[in-house]
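Trainee: with the sequence up front, the predicted model follows.
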Amino acid sequence: MDTATAQRALQGAQAALQQGRTAEARGLLAALRKALPREKAVLYLSARLARAEGDPRAAAKLLEKALRTSPREASLWAEYASTLDDAGRPEEAVKAYDRALQLEPRLVDAAIDRAVVQVRKLDRPAMIEDLRRIARENPAHLRGWRNLAMLEREAFATERAIDAAEHVLTAAPGDPAALAVRAFAQFDSGEASADYFARACAADPGNADLAIKYAAALHGEGRCDDGDGLLGRILAAQPFHLEALRTRAQLRWEGALGGDPMEGFEQAVARTGCPPEIWQEYARLMERQSGPRAALEVVERARASLGQTRDVALMAAQAACEADDFAEREDALAAVASSKDPYADMLRARWLARMHRWDELSKLGQRLLRAGLQRDILPYLSLAWRGSDPERWHWLERDGDLVGTLDVGSRLEDIDTLADYLRSIHRSQRQPLEQSLRGGTQTDGMLFARTAPEIVELKSAIEDAVREYLAGLPPPDPKHPWLSLPREIKRFSGAWSVRLQDAGFHVAHIHNLGDVSSACYLALPDTLGADESGDDGWLAVGEPPREFGLDWAPVRLIEPEVGKLALFPSWAWHGTRPFSAGERLTVAFDVALR
């Protein structure tokens, strides 16, 4: 192939690739690679084609060959770094970005991408400071500011996210990405956000995820019918949109609206081609709303529609774990046991716990612990060891020494003002469909992302208290699955307020998205402790759920007091005793240590 022909073929391949004609680009590049196997431009375009076709691993290999011929080309190193990121090799991507920036420090996009990879893929939240610096030094580089706005919001730095988004919107008022982040951050702040979502949806009308949050914002501002109507329009266009179905069910349930919360699911499963994940979520939510029998009925309908597939087998296994006749449903668990799927393994762990088959549960639990499922399996291992290996159970639970209480009230200027603020944001009519509380309400979203001064002060006081708690724990134990963790707050993985009223309580549950969990008491009924037991409304840590049929005492029983903060491992079973009347207002949160 002569030079002129090669140049025309290369230009043709580039044009075809830019216009999405991948088959044409592939044909041209195949001939070029045969004729010019070491040509940098051919290798580069071939790598771009591989990425366009969803094969970043092949693209990375091609770029490695190109770099052997041009090892000092900064832009090629940056392309290689981006490809490594796509290929799931973030550590190597950062090193490649480092090399690109050593060769050419002015590659702002490479510096932006390097910071984003470290924050998002390598879980290094402190690296957001790099992106802040890049944005400050490059005020006209809107891509950097867009990324900064998104990462600030993900870090729950709401005011910073708003400022970064507004910086973009000042230069580009119709920027869809900035409008979306601005709306989400406004929602996070706790202030009215529906108008912001209206603007964002107008700029990006096909974004269903944005429209779903718009519906939640409308619901939060008391415009429940408008929010429900919006979700109805989304589902009319996309009847199998799982998040829209789930959100409509949740909002109808919490708002006690007139429509059936499960109407969207019922309409979806009646359609031809309904995906298995819709059936699975329908069964799960029906169990929460109407009980195990209702879930089993959905499973049988799914089996009739989909056949005896693996998805249906998993649905049946999940329903079997919660069924009243769970002991007679071992076949449902056996049907998924050989799949070596973590979800199936966790279902079997729950069923074995209900069956009190402690030795089997211990064996399974230790395998899952070695597989990295610590947050999910430790609650069940605790049960297994308490039932079959008390010495090991004492080693794990440390006889309650992992539970702590601290005073937060003295660190707050006015706890009554905080309580009033929290009452003002409890707008639902009943508890969330999927949560542990019964007879109360729970706030939506990340409480600590709110910008109200009462919440800012509370978060600061809680951070200090958590550090004090971590410093006072038993000494680190490298063999212990929890005491071996770092003793520093990495992030809050969730925060919310719960308002229980008139015999409200929490069923025993665990949190698998954090390492330290909590209950902070801000208002309590006068009647606490007035029943015969004297522990109504108290927090029970380490007490198994009622459905397990165990009469084991809690590891610790904590008496609520206004201003008290209780902290404990997130994997510890915890729930509350019902109380007779009044209001029990708390804030709860999860802390990730890793």
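Mentor: Everything's here; your move. This one's a predicted model, so the numbers in the text were calculated from it and none came from an experiment.
Trainee: test my guess that F448 contacts E457.
Mentor: No - counting by C-beta atoms under 8 Å, E457 is not a contact partner of F448; they are 11.4 Å apart. From N, CA and C alone the C-beta is placed, and that goes for glycine too.
Trainee: what residues does stretch 145-162 touch?
Mentor: Stretch 145-162 is contacted by residues 112, 115-116, 119-120, 125, 128, 131-132, 135, 139, 164-165, 167-168, 175, 177-178, 181-182, 184-186, 188-189, 446, 448-451, 491-492 when judged by C-beta atoms under 8 Å, 6 or more residues apart in numbering.
Trainee: now, those residues that are in strands?
Mentor: 491-492 (DSSP state E).
Trainee: now restrict the contacts of stretch 145-162 to buried residues only.
Mentor: Among these, those scoring as buried are 112, 115-116, 119-120, 125, 128, 131-132, 135, 164-165, 167-168, 175, 177-178, 181-182, 184-186, 188-189, 446, 448-450, 491-492 (criterion: 16 or more other C-beta atoms under 10 Å).
Trainee: what average pLDDT does whatever helix or strand A216 lives in get?
Mentor: Using DSSP states H and E, A216 sits in helix 208-220. Averaged across helix 208-220, the pLDDT comes to 96.
Trainee: what's the helix or strand that that helix is followed by packed up against?
Mentor: On the C-terminal side of helix 208-220, the closest following helix or strand by DSSP H and E is helix 224-237. Judged by 3 or more C-beta pairs under 8 Å, 6 or more residues apart in numbering; DSSP states H and E, helix 224-237 is in contact with helix 208-220, helix 242-255, helix 263-269.
Trainee: buried set for the shortest one?
Mentor: Within helix 263-269, the residues that count as buried by 16+ other C-beta under 10 Å are 263-265, 268-269.
Trainee: the second one now?
Mentor: By neighbour count, and taking 16+ other C-beta under 10 Å as the criterion, the buried residues in helix 242-255 are 244-255.
Trainee: show me what stretch 219-226 is in contact with.
Mentor: Contacts of stretch 219-226 (C-beta under 8 Å, 6+ apart): 187, 192-194, 218, 227-228, 251, 255, 257, 427, 444.
Trainee: and of the residues you listed, the nearest to D331?
Mentor: L251 (37.3 Å; C-beta to C-beta).
Trainee: contacting residues around the closest one?
Mentor: Contacts for L251 (C-beta under 8 Å, 6+ apart) come out as 215-216, 219, 224, 227-228, 231, 257.
Trainee: what's the distance between it and F156?
Mentor: As judged by C-beta to C-beta, to the nearest Å, L251 and F156 stand 23 Å apart.
Trainee: L314 falls within a helix, correct?
Mentor: Yes - membership of L314 in a helix is supported by DSSP: H, G, I helix; E, B strand; the rest coil.
Trainee: make JSON lines out of the helices and strands packed on helix 224-237 and add distance to A316.
Mentor: Output for the helices and strands packed on helix 224-237, formatted as JSON lines (distance: least, C-beta to C-beta, whole Å):
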{"stretch": "helix 208-220", "distance to A316": "30"}
{"stretch": "helix 242-255", "distance to A316": "20"}
{"stretch": "helix 263-269", "distance to A316": "16"}
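Trainee: nearest to R386, of the ones you listed?
Mentor: That would be, of those and by C-beta to C-beta, helix 242-255, which comes in at 34.6 Å.
Trainee: chain center to the closest one, what's the gap?
Mentor: Here the centre of helix 242-255 is set off from its chain's centre by 17 Å, with C-alpha atoms, centre = their mean, to the nearest Å.
Trainee: how far off helix 208-220 does that helix point, in degrees?
Mentor: 10 degrees (axes from the mean of the first three to the mean of the last three C-alpha atoms, to 10 degrees).
Trainee: over helix 242-255, what's the mean pLDDT, rounded is fine.
Mentor: Rounded mean pLDDT across helix 242-255 is 94.
Trainee: quick one: it to helix 224-237, angle?
Mentor: Using the same axes, to 10 degrees: helix 242-255 against helix 224-237 is 160 degrees.
Trainee: direction included, what does the helix or strand bottoming out on mean pLDDT in the chain pair up with?
Mentor: With mean pLDDT, DSSP states H and E as the measure, the helix or strand of the chain carrying the lowest mean pLDDT is strand 437-442 (a mean of 84). Strand 437-442 pairs in its sheet with strand 491-506 (antiparallel), by DSSP bridges.
Trainee: what helix or strand is the residue nearest to R114 when sequence neighbours are not counted located in?
Mentor: Excluding its sequence neighbours, the residue lying closest to R114 (C-beta to C-beta, 6 or more residues apart in numbering) is Y97, at 3.8 Å. Applying DSSP H and E as the criterion places Y97 in helix 90-103.
Trainee: what helices or strands is the helix or strand where A319 lies leaning on?
Mentor: Taking DSSP H and E as the criterion, A319 maps to helix 310-322. Here helix 310-322 touches helix 276-290, helix 292-306, helix 330-337, helix 342-355, going by 3+ C-beta pairs under 8 Å, 6+ apart.
Trainee: how about the second one as CSV, C-alpha atoms only?
Mentor: If I follow you right, that is helix 292-306. Extracted C-alpha coordinates of helix 292-306, given in CSV (Å, rounded to 0.1, in the frame of the first residue of the first chain):
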residue,chain,number,x,y,z
PRO,A,292,-45.3,-13.5,52.5
ARG,A,293,-48.4,-15.0,51.0
ALA,A,294,-48.8,-12.2,48.6
ALA,A,295,-45.2,-12.5,47.5
LEU,A,296,-45.6,-16.2,46.9
GLU,A,297,-48.6,-15.5,44.7
VAL,A,298,-46.4,-13.2,42.6
VAL,A,299,-43.7,-15.9,42.3
GLU,A,300,-46.2,-18.4,41.0
ARG,A,301,-47.5,-15.9,38.4
ALA,A,302,-43.9,-15.2,37.4
ARG,A,303,-43.2,-19.0,37.0
ALA,A,304,-46.3,-19.2,34.7
SER,A,305,-45.1,-16.3,32.6
LEU,A,306,-41.3,-16.9,32.5
